[in-house]
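# need a structure here:
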Amino acid sequence: MIIRRLAWLLILGALLVSLPVLAATDEFVPGKCSQAMLKGRYGVIEQATVLAPLPGAPAPPFAAVNSVLANYDGAGNVSGTYTSSFGGLIVPGTFSGTYTVASDCTYTDQLTSPQLGLVAHHTGTITAGLQVNAMYTDSMMVGWGTGKRIPAGGCSPATLQGAYGLQGQGTVYGATPGLPPPPFPGAHIGVLTADGAGNMTGSDTMMLDGVVMPDIFTVAYTVRPNCAYTSTITTSIGVFHETGVITGTGKLLEINKIMTDPGMVWVDTVRVQ
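As a prediction, this is how the structure comes out:
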């Protein structure tokens, strides 16, 4: 009995000693947030409906998607690059701006893009894992997005290995041989396997304008050290291109990406199985 009690005391002592360490490494504490907690690179994916006219884009309202690589400095400044599809009009660019994080973990920002000549604003919240969920507060669009940290050690093609689940959806604004007249909605879900050397193979089930279509595809991909991702996808209905960002690690690793072919407004998420 004495030996058993001593064993429990030793276990309890070990737990008590480890608690401060766990608290010190947990970067997110509800009610105790600050600007300093957002520091480093984030991958952001956004979806929106644009309500104002843009040169070269369809008449509003039209769908839009946005892939962003953002860098927070921990002191209220943020900058980065983006690729957007505004109703199928593909626009790459850069941005800079400021952000605030209140103690209750609410988030705001003001971002300026010289390419678009626009100033955008977000409001949102920060959740565990330092994930930023935010929506636009500008009258020209209704949309929201999610920002997640990229792997701390950077990325390479070898970051992507093994089995993944795929899901995505969007709107096709451009005419595509063999497909219905645009615009029409679409979605797909499937699986793929990455070899860690720049190649993937997969299969999916597509829903295009109400018609279900099974398909198989191959992917040639590149990954930059900053975790930016690009790919060329060969399918039975054509060749498509995507850009995005790898975020998370281990079982939380995912790729959030958009199509960069004119006439396509499409967002995909690939997650580790």
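
# any idea how this structure splits into domains?
Per automatic domain parsing, the domain ranges recorded for the chain read 35-149, 157-272.

# and those domains as a markdown table, adding mean neighbour count, distance to residue 29 and mean pLDDT?
In this view, the C-beta of every residue, glycine as well, is placed from N, C-alpha and C. Output for the domains of the chain, formatted as a markdown table (neighbours: other Cβ atoms under 10 Å; distance: least, Cβ to Cβ, whole Å; pLDDT from 0 to 100):
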| stretch | mean neighbour count | distance to residue 29 | mean pLDDT |
| --- | --- | --- | --- |
| domain 35-149 | 18 | 9 | 96 |
| domain 157-272 | 17 | 20 | 96 |
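
# where along the stretch 1-150 of the chain do the helices fall?
2-25 (DSSP state H, counting those that start in this stretch).

# can you give me the strands for it?
39-50, 62-73, 77-86, 89-101, 106-113, 118-127, 131-136, 141-149 (DSSP state E, counting those that start in this stretch).

# What pairs with the fifth one, parallel or antiparallel?
This points to strand 106-113. Sheet partners assigned to strand 106-113 using DSSP bridges are listed as strand 89-101 (antiparallel), strand 118-127 (antiparallel).

# coming back round to it: compare the domains of the chain and report which one is nearest to residue 28.
domain 35-149 (4.9 Å; Cβ to Cβ).

# my guess is residue 178 meets residue 237, correct?
Yes: between residue 178 and residue 237 there is a contact under Cβ atoms under 8 Å: 5.8 Å.

# Distance check, the closest residue to residue 87 other than its chain neighbours against residue 48.
Of all residues not flanking residue 87 in the chain, residue 62 sits nearest, at 3.5 Å (Cβ to Cβ, 6 or more residues apart in numbering). If you measure residue 62 against residue 48 using Cβ to Cβ, to the nearest Å, the figure is 10 Å.

# ok, now which ones touch residue 47?
Residue 47 makes contacts with 63-66, 143-145, 267, as judged by Cβ atoms under 8 Å, 6 or more residues apart in numbering.

# As JSON lines, these with distance to residue 117 would be great.
Output for those, formatted as JSON lines (distance: Cβ to Cβ, whole Å):
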{"residue": "63", "distance to residue 117": "21"}
{"residue": "64", "distance to residue 117": "16"}
{"residue": "65", "distance to residue 117": "20"}
{"residue": "66", "distance to residue 117": "16"}
{"residue": "143", "distance to residue 117": "19"}
{"residue": "144", "distance to residue 117": "23"}
{"residue": "145", "distance to residue 117": "21"}
{"residue": "267", "distance to residue 117": "24"}
